[in-house]
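> Output the structure for:
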Amino acid sequence: MAAVLIVDDEPGIRRTLASILEDEGYRVRTAEDAVLGMDILNREAIDLVFLDVLLPRLGGMEALEQIRKDWPAVEVVVISGHANVDMAVRAVKLGAFDFLEKPLSLDKVLTLCRNALALQKLRKENQHLKKIAVIAKDEIIGTSAEIEKVRALIKQAADSDARILITGENGTGKELVARAIHNGSSRADRAFVEVNCAAIPDGLIESELFGHEKGAFTDAISNRKGRFELAHGGTLFLDEIGDMSLSAQAKVLRVIQEQKLERLGGEKTIDTDVRLVAATNKDLAKECERGRFRQDLFFRLNVIPIRIPPLRERAEDAPLLVHHFLKELGSEKTEFDPDALDFLTSYNWPGNVRELRNLAERIAVMYNGNRINGKGLKDLLLKNPEAFGGGASPDSAEALAGEAAALPPGIMELNYNDAKESFEKYYLEFHLSRNNAIISRTAEAIGIYPSNLHAKVRKYQIAAAMQPAAPTGGHGEKD
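Numbers count the residues shown, from 1 in each chain. Modelled structure (predicted):
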């Protein structure tokens, strides 16, 4: 429903115009002078202003200049009972859509209103299309067919309120896609609020999402807004939603259905207007089958699915990405020999784009010389001690794989999901052991967020990482 603001010091004109426009289905606001009118523009989304010329405190022409400067998307129709050609020409030059003389013709008012709003809608659509195209091109790097599909989905889905579920492996850039969707939407000037569901303990997730009132629980010493409230009018990004507890899932579902929430310990119902974008590295359909994710919530979130391909499926984008990251880092090391380019496009990239960015940082800091060859890249990626969290480096990636050659017993007899989890636990225990159970070091080595690693340690109850790390030297070191 379009919103119209009438600014006129004559109460009769305000009432008449408001009555006519409300009968046509418009939402109407009125103000007796331009100062009050601009206060309304500051507080509410207005599409069209009918603005009188002769007003107290601030004249209509001055107000028109201010509106065009501060609210360029708002159309303005200037009205006056003392009109002349010069005034009309000046109004149009200042950006008015048109000029109306008093006494007003109601038919002409309605015609101008429809035409001005139609023009405004067309301008907004053009602006959004241009903005989305720029965002998709500048923020989502690559020319592969797979990444072009992602760009196309962003363009189609951004300027809507449809819920989106982004799926992909760790390190593929799910958050980047979520931000591109927000930046290409009509909510771009409002908040983008991110929640990492895997990083927040189960006991705190509901307080984080919905807020709490003072005294709701032991540590609730003051009222606190939740992420839904903070994202009001904007976008709420629920990252790693597959790790959210079932009780929190039920409350999120209720908020989606009712568009209302209550803070923990509160009785007041709060309206919420958010665009939900969720992301996960899990197969939520499979999680539903296993009773770990609510099927009704999955269907609510999965309105528009966007799958981000792993880097190995679009390896031809790796050189472009490295150049982009090096440029961001301010590095002049951007010349690659053919064997270096071959390595970038043939390597499997288990850590995806995040692993590639880490490599770019190593190039910027550690690589000697400006021209980069294949051997140099392999040395940085496969031999650099930091890539394995410290300690002696293996001679090759194959040497590292050899240390982990023994698979968990009985794994080949399990079904796919159980085998995957069994191997994931074994994989994490192996790398935690290599890195002295230091979460941050292990997370960097395997290319995931420390918060995600913490969550997986809790999930699999990996005892070594739940205890303080043993000292690595000095009097406390064991023989």
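
> For Pro72, grab the count of nearby residues.
A count of nearby residues for Pro72, using other C-beta atoms under 10 Å, gives 9. Any C-beta I mention is one placed from the backbone N, CA and C, and that applies to glycine too.

> just checking, it is part of a strand?
No. Under DSSP: H, G, I helix; E, B strand; the rest coil, Pro72 sits outside any strand and is assigned coil.

> Model confidence score at Val303, please.
Here the pLDDT value assigned to Val303 is 95.

> Now do the contacts for it.
Residues near Val303 by C-beta atoms under 8 Å, 6 or more residues apart in numbering: Ala162, Arg163, Ile164, Leu165.

> ditto for Leu55
Neighbouring residues of Leu55 by C-beta under 8 Å, 6+ apart: Val7, Asp8, Asp9, Asp33, Ala34, Ala63.

> gap between Tyr431 and Val353?
That one is not Tyr; residue 431 is His. Relative to Val353, His431 is positioned 20 Å away (C-beta to C-beta, to the nearest Å).

> Which one of these two is surrounded by more residues?
When neighbours are counted by other C-beta under 10 Å, Val353 comes out ahead of the other of His431 and Val353, with 25 against 19.

> tell me the phi and psi of the more buried one?
phi -60, psi -30 (degrees, to the nearest 10).

> Name the nearest residue to it, ignoring sequence neighbours.
Closest residue to Val353 apart from its sequence neighbours, by C-beta to C-beta, 6 or more residues apart in numbering: Gly173 at 5.2 Å.

> in the helix or strand harbouring Lys375, what counts as buried?
Using DSSP states H and E, Lys375 maps to helix 374-378. For helix 374-378, the neighbour count (16 or more other C-beta atoms under 10 Å) marks Gly374, Gly376, Leu377, Lys378 as buried.

> residues touching the nearest residue to Arg14 once chain neighbours are set aside, list them.
Distances taken as C-beta to C-beta, 6+ apart put Thr30 closest to Arg14, at 4.5 Å, once the chain neighbours are dropped. Neighbour list for Thr30: Leu5, Ile6, Val7, Asp8, Arg14, Ala18 [criterion: C-beta under 8 Å, 6+ apart].

> Can you report phi and psi for Phe293?
Per degrees, to the nearest 10, the backbone of Phe293 is at phi -140, psi 140.

> list the contacts for it?
So Phe293 contacts Gly242, Leu246, Gln249, Lys282, Leu284, Glu287 (C-beta under 8 Å, 6+ apart).

> Closest one of those to His323?
The closest of the contacts of Phe293 to His323 turns out to be Lys282 (C-beta to C-beta; 32.2 Å).

> In a helix, the closest one, correct?
No. Assigned with three-state DSSP, Lys282 falls outside any helix and is coil.

> where does the residue nearest to Ile446 when sequence neighbours are not counted land in three-state SS?
Nearest residue to Ile446, sequence neighbours excluded (C-beta to C-beta, 6+ apart): His431, at 5.4 Å. Classification of His431 using three-state DSSP returns helix.

> Give me the distance between His431 and Glu229.
39 Å.

> what does Glu335 give?
50 Å.

> Have a look at the two and say which one is more surrounded.
Ranked by neighbour count (other C-beta under 10 Å), Glu335 and Glu229 place Glu229 first, with 19 against 12.

> measure Val353 to Asp342 for me?
19 Å.

> same check, this time on Lys268
In terms of C-beta to C-beta, Lys268 sits 62 Å off from Asp342.

> Between those two, tell me which one has more neighbours.
Taking neighbours as other C-beta under 10 Å, Lys268 and Asp342 compare with Asp342 leading, 14 against 8.

> who touches the residue nearest to that one when sequence neighbours are not counted in this structure?
Spatial nearest neighbour of Asp342, excluding adjacent residues (C-beta to C-beta, 6+ apart): Gly374 at 6.4 Å. Listed by C-beta under 8 Å, 6+ apart, the contact set of Gly374 reads Asp337, Asp339, Ala340, Asp342, Phe343.

> The first one - nearest residue in space that isn't next to it in sequence?
Meaning Asp337. Asp337's closest residue in space is Asn373 (C-beta to C-beta, 6+ apart), at 4.4 Å.

> count of neighbours near the one you found?
Around Asn373 there are 17 residues (other C-beta under 10 Å).

> Kindly report the same for Arg362.
17.

> got it, and Gly171?
24.

> Then Asn415?
So Asn415, with other C-beta under 10 Å, has 7 neighbours.

> Then Gly25?
Gly25: 8 neighbours (other C-beta under 10 Å).

> I'd like to know how far the nearest residue to it once chain neighbours are set aside sits from Cys288.
Computed as C-beta to C-beta, 6+ apart, the closest residue to Gly25 that is not its neighbour in sequence is Met1, at 6.6 Å. Using C-beta to C-beta, Met1 is found at 37 Å from Cys288.

> next one: phi and psi at Val4?
phi -120, psi 130.

> same thing with Thr442?
Taking degrees, to the nearest 10 as the convention, Thr442 sits at phi -70, psi -40.

> Tell me, how many residues neighbour the spatially closest residue to it that is not a sequence neighbour?
The shortest distance from Thr442 to any non-neighbouring residue, by C-beta to C-beta, 6+ apart, is to Asn435 (4.3 Å). Look at Asn435: counted by other C-beta under 10 Å, it has 22 neighbours.

> residues in contact with the residue nearest to Asp317 when sequence neighbours are not counted?
Nearest non-adjacent residue to Asp317, counting by C-beta to C-beta, 6+ apart: Gly142, 3.4 Å away. Under the criterion of C-beta under 8 Å, 6+ apart, the neighbours of Gly142 are Arg314, Asp317, Leu320, Leu321.
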